[in-house]
Structure formats: structure tokens, C-alpha cells
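have a look at this prediction, sequence included:
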Amino acid sequence: MSALSAPKNTVPGVSPDIYSAADFAQIAKIIYDAAGIVLPQGKAMLVYSRLAPLVRSSGTITFSRYIELIRANGAELNKAVAALTTNHTFFYREAHHFDHLRAEVRPRVIEKLRGNRPVRLWSAGCSSGEETWSILMTLLGPDRTAGLNLARADLRVLATDIAPHAVARARDAVYPASDLKPVPEDLRRAWTKESNGQVTMSDTLRSIVRFRLLNLLGDWPIQGKFDFIFCRNVMIYFDNPTQERLVKRFCEALTPSGFLYIGHSERVTGPAANDFQLVGPTIYRRRAA
Ligand SMILES: C[S@@+](CC[C@H](N)C(=O)[O-])C[C@H]1O[C@@H](n2cnc3c(N)ncnc32)[C@H](O)[C@@H]1O
């Protein structure tokens, strides 16, 4: 063995008595089975640094005992999953989606709401809420009076994520003012309040959204169909079979001609891809049956 290479079962820099390559492999399998998140070998140190605080606070001391704990205890497993999620997000991320929403989807939404028909949308994998609020501000538009009329109609937004810490931030709906910079000024003025460098989403916006914990791999306790779904920068953490199953389920959850928005490095794949038409960069429309 060269001086630089580590013995097979070790993670460089960590005692194998505490955390070994075999521990990493078991954790990767458990997290994949629970949440679909793929953790390649290169993430061994990330797993160590994210889970070490949980190993300490649970009193298990070694990762192998912590693995026994998460196998036996669903609440602890949920904590481990949440700790291994990547929650990076920001307002108006992938601005072309919001251009499309404003120009193509908003007029249909207004027409439906004016006709007393329900409009439902889903921000799936919403993280700390920046995506959800960006969608909603875009839909309500810069004119407060017109926006309030839409808000009073049958418009509901479901926003879900697997990570409780992210959902809690989303519900709080308070962000540093600098985070709102990408949001068009007129939308910011209409739908947020700023005080002491913090921005709070208006009560109107908050009254429309339901934030829920939801594992996309599990059951979806939803009623009715969605006019559009945003699921952006979530499927990149999944493998192909999981992505394909998800695309199929999204298709089934959409109204005919409903829209699916995905992240810039993602693709709609699998048999259900035929049921979608690409209508813009990473924007898909369900083909009417
Ligand atoms: C990078 S963030 C994307 C946030 C936002 N959609 C965006 O594009 O900015 C990915 C989110 O997916 C969530 N996630 C990962 N696996 C999930 C699963 N199985 N079910 C639900 N949410 C999941 C993570 O908790 C994380 O908040």
C-alpha cells in the first residue's frame, strides 16, 4: 500500500472505528431507499460532516451504532434524510420560467378564476419557499387590486418538501431583503413588507399556500389535478428509474394541457415523456388525451 492510499474500509482522515467506508455504503443505501437520493462515493466526507452532529446528539458515538438506530427508528431516519438534503434555492431562479408563467400561463389562470373554476398548483421540492413565493407573486401580478381579486378566487398552492427545517423557513416567509433582489420591483412592492432589512411575504400570499412535509417517493395525499407543477432541481438527486416514475406520476397529477417546470439540468425521461410536449427550455406541457 502506498503512503497516500487509505486501507479499503477507511474514509481518509476519519478513524474506521467511528466511520468506515462500509458505514458510508450502508447509509447511502438507506437514504436511497427512504428518499431516492443518490449518494455517490465522492460524498463520503459530506455524509460524515452532515451526520456527525446527529451521531453525537443521539449518543450512539459510532456510525455503525447510528445505522442500527436509523434502521429501528423512523423519526431518527427522517432527521438523517433531512440532514443529507441540499436545499440551495433563490428567488426567481431560472427567470425564463417566470417569463413563461407570466406570458403564457397567467392569462389562462385569470380566465379560469374569473369563470369560477379552481386553479391548483404545486411547488414540489420547494425547499425554503423562495420558488413558491416567486410563482405566486408572478401569478398575482403587479396590480394589487387585480391581484387581490385573483387571491379571493379559488386559487390554491401546495408547496412540499421532505426537509422539515426547509418547510419551517418557507412557512415563516421572512427573508433578508437582499435575497429579494432578483424579484421585479413592482411585484416586491405589491406583495411584500420590508422592515429592518427583512422582507415578509404579505398575508394575502400566505393565505393561498399550504406548506406540507412530503416525500415525493411516498403517497401523495392530494385531491384533484394541478394546472401546473414546479419540480425543479430535485430530480437531479435521483437515479433514472426514480426520475421516470416521478415523471409518470406528475403526468397523472396534471390537468390535460397542464405544465411541468423542471430544473435546467434535468430531463423528462421514460415512457411518460411521450405524454409531454416541450414548449420552452425545461418547460413541458401535458398532451391533452
Ligand atoms: C436544490 S433544492 C430545490 C429547491 C427549488 N425547487 C429550486 O429549484 O430552487 C432540492 C429540494 O428537494 C428536496 N428533496 C430531495 N429529495 C426529496 C424527496 N424524496 N421528496 C421531497 N423533497 C425532496 C430537498 O429537501 C430540497 O429542499
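Everything's here; your move.

for the rest of this, base every contact and every neighbour count on C-alpha atoms.
Will do.

quick one, what contacts the spatially most central residue of the chain?
In the chain, the residue lying closest to the centroid (Cα atoms, centre = their mean) is G125, at 1.5 Å. G125 makes contact with 159-162, 231-232, 234 under the criterion Cα atoms under 8 Å, 6 or more residues apart in numbering.

measure it to L69 for me?
To L69, G125 is 27 Å away according to Cα to Cα, to the nearest Å.

quick one on the thing from earlier: return the backbone torsion pair for the residue nearest to the centre of the chain.
Taking degrees, to the nearest 10, you get phi 80, psi 50 for the backbone angles of G125.

output the set of residues of the stretch 51-200 of the chain in proximity to the ligand.
Residues of the stretch 51-200 of the chain lying close to the ligand (Cα under 6 Å from any ligand atom) are 85-90, 125-127, 131, 161-163.

where in the protein is pLDDT low?
For the chain, the stretches with pLDDT under 70 are 1-7.

element containing T160, please.
Assessed by DSSP states H and E, T160 sits inside strand 155-161.

show me what that strand is in contact with.
113, 118-127, 129, 132, 167, 208-215.

so which of those residues sit within strands?
The strands, defined by DSSP state E, take in 119-124, 209-213 from the contacts of strand 155-161.

now, of those residues, which are buried?
Buried by 16 or more other Cα atoms under 10 Å: 119-124, 209, 211-213, out of the ones in strands among the contacts of strand 155-161.

show me which residues of stretch 216-233 are buried.
So for stretch 216-233, counting by 16+ other Cα under 10 Å, buried means 216, 225-233.

is it anywhere near the ligand?
Yes: using Cα under 6 Å from any ligand atom, we find that stretch 216-233 touches the ligand at 216-217, 231-233.

where do the helices sit along the protein?
Secondary structure of the chain (DSSP state H): helices located at 21-35, 44-58, 63-72, 74-83, 95-100, 106-114, 130-140, 144-152, 164-172, 185-191, 203-208, 240-253.

who wins for proximity to G280 among the ones you listed?
helix 95-100 (8.1 Å; Cα to Cα).

the closest one: how far from the chain's middle?
For helix 95-100, the distance from its own C-alpha centre to the chain's C-alpha centre is 18 Å (Cα atoms, centre = their mean, to the nearest Å).

give me the helices and strands touching it, please.
With contacts defined as 3 or more Cα pairs under 8 Å, 6 or more residues apart in numbering; DSSP states H and E, helix 95-100 has these neighbours: helix 130-140.

export the helix it packs on as CSV, just CAs?
What follows is helix 130-140, C-alpha atoms only, in CSV (Å, rounded to 0.1, in the frame of the first residue of the first chain):
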residue,chain,number,x,y,z
GLU,A,130,-38.3,31.2,-2.5
GLU,A,131,-39.6,29.3,-5.5
THR,A,132,-43.2,29.2,-4.2
TRP,A,133,-43.4,32.9,-3.4
SER,A,134,-41.8,33.7,-6.8
ILE,A,135,-44.6,31.7,-8.6
LEU,A,136,-47.3,33.3,-6.5
MET,A,137,-46.1,36.9,-7.0
THR,A,138,-45.8,36.4,-10.7
LEU,A,139,-49.4,35.0,-10.9
LEU,A,140,-51.0,37.8,-8.8
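
now that helix and strand 119-124, what's the angle there?
If you take axes from the mean of the first three to the mean of the last three Cα atoms, to 10 degrees, helix 130-140 sits at 160 degrees to strand 119-124.

quick one: helix 130-140 to chain centroid distance?
The answer for helix 130-140 is 14 Å, by Cα atoms, centre = their mean.

helices and strands around that helix, which ones?
Counting by 3+ Cα pairs under 8 Å, 6+ apart, helix 130-140 packs on helix 95-100, helix 144-152, helix 185-191, helix 203-208.
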